[in-house]
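Asks: any chance you can model this:
(4 chains)
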Number of protein chains: 2
Amino acid sequence: MLSKKTKYGLKALTYIARQEGESPVQVGEIAKSEQIPQKFLESILLTLRKAGILGSKKGKHGGYYLRKSPSDIKMTEVMRVLEGPIAMVPCVSLNFYEKCDDCPDENLCSVHRLMIQVRDNTLYVLRSTTLEDLSAIN
Amino acid sequence: MLSKKTKYGLKALTYIARQEGESPVQVGEIAKSEQIPQKFLESILLTLRKAGILGSKKGKHGGYYLRKSPSDIKMTEVMRVLEGPIAMVPCVSLNFYEKCDDCPDENLCSVHRLMIQVRDNTLYVLRSTTLEDLSAIN
DNA sequence: TATTAATCCTATCAATTTAATAGGAATTAC
DNA sequence: GTAATTCCTATTAAATTGATAGGATTAATA
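Replies: So this is what the prediction gives:
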């Protein structure tokens, strides 16, 4: 299951992308428009800022803005920040690899091999989709 | 993340598939060989039996066996039984569809559209992989 | 028929994760 | 200096996960 955190994060990024060009977008505005609990959204946008995807401006008339062009923000990046590893098991993760406790030999593990397939196909989609695609109307 | 339940289930099914032709395979044997807590595995195999993937024989010399040929057991079926919906959000699930509370129009929702892509690619892999593929050595 | 060995069933529990809330500090525009 | 905003930390309630416990039921076989 996709966490609410990720779902909200994606919706917020899409919202911001659709406003781009103007001044920073405020959390309250996004929360209201997208029906997201404001305090929860605050923490999500903070995470995205710390990851370098968003920038922020503090104080009155502050808010969030994209650090890169929507077409340069790949879904792999966003998903890794919000949802964590794309692989369903650590032993097939490219960025968060961990060996299984059990499993003497990964190459002989049926689960391992299946999950590599799933990962590769998911990666293909997430790598070839950018925030620009998400924020395109229709 | 793939749950332990699913991981254990897949390993157990693979183990059983590799023994096929002989008498039913016992939980204790699988648990020992695959390093799975026996009581936990019991409940998993029970689930697979109730779903019609496994059959069982009770009493002494009892155990579990496949109800179909490994080449007829698709990963979509196994994953749905053990892990639940393949879609990451209910609103793109084929078998467990649910509308989102928020989201006035799915067709305009960026998350919805992305998750359809992910689902379709995952489905492709899981539909074209069977237990026979998993249990092939190498 | 008694014993043994297996599945079956229900309940419970501890740990973790998730989703959300609360309260206020720091910063900036005006 | 006031208002509006992000920033930060802590807390909490609910759900899920992974596992354990105990025994009921069933069947083979000595």
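
Asks: can you list the domains in chain A?
Replies: Domain assignment for chain A by automatic domain parsing gives A:4-66, A:70-135.

Asks: which of these sits closest to B:Cys91?
Replies: domain A:4-66 (10.2 Å; Cβ to Cβ). Quick note: C-beta positions are derived from backbone N, CA and C, even for glycine.

Asks: distance of the residue sitting furthest away from the middle of chain A from chain B?
Replies: Largest separation from the mean C-alpha position in chain A: A:Pro104, at 33.2 Å (Cα atoms, centre = their mean). Separation of A:Pro104 from chain B (Cβ to the nearest Cβ, to the nearest Å) stands at 10 Å.

Asks: tell me which residue in chain A sits closest to DNA strand C.
Replies: Residue nearest to DNA strand C within chain A (Cβ to the nearest atom of the strand): A:Gly59, separated by 2.2 Å.

Asks: redo the domains of chain A as JSON lines? Include mean pLDDT and distance to DNA strand D.
Replies: Shown next, in JSON lines, are the domains of chain A (pLDDT from 0 to 100; distance: least, Cβ to the nearest atom of the strand, whole Å):
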{"stretch": "domain A:4-66", "mean pLDDT": "96", "distance to DNA strand D": "3"}
{"stretch": "domain A:70-135", "mean pLDDT": "95", "distance to DNA strand D": "9"}
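
Asks: export those as a markdown table, with columns for distance to B:Gln117.
Replies: Shown next, in a markdown table, are the domains of chain A (distance: least, Cβ to Cβ, whole Å):
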| stretch | distance to B:Gln117 |
| --- | --- |
| domain A:4-66 | 13 |
| domain A:70-135 | 5 |
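
Asks: Three-state assignment for the residue at minimal distance from the centre of chain A, please.
Replies: Nearest to the geometric centre of chain A sits A:Val78, at 2.4 Å (Cα atoms, centre = their mean). The three-state label given to A:Val78 by DSSP: H, G, I helix; E, B strand; the rest coil is helix.

Asks: quick one: it and A:Lys11 touch, right?
Replies: No: counting by Cβ atoms under 8 Å, A:Val78 sits too far from A:Lys11 to count as a contact (11.5 Å).

Asks: contact partners for the closest residue in space to A:Gln19 that isn't next to it in sequence?
Replies: Taking Cβ to Cβ, 6 or more residues apart in numbering or on different chains, and ignoring the residues beside it in sequence, A:Gln19 has A:Val25 as its nearest neighbour in space, at 5.1 Å. By Cβ atoms under 8 Å, 6 or more residues apart in numbering or on different chains, A:Val25 lies in contact with A:15-16, A:19, A:63-65.

Asks: swap in 6 Å and give it another go.
Replies: Listed by Cβ atoms under 6 Å, 6 or more residues apart in numbering or on different chains, the contact set of A:Val25 reads A:16, A:19, A:63-64.

Asks: any idea how far it lies from A:Ile16?
Replies: 5 Å (Cβ to Cβ, to the nearest Å).
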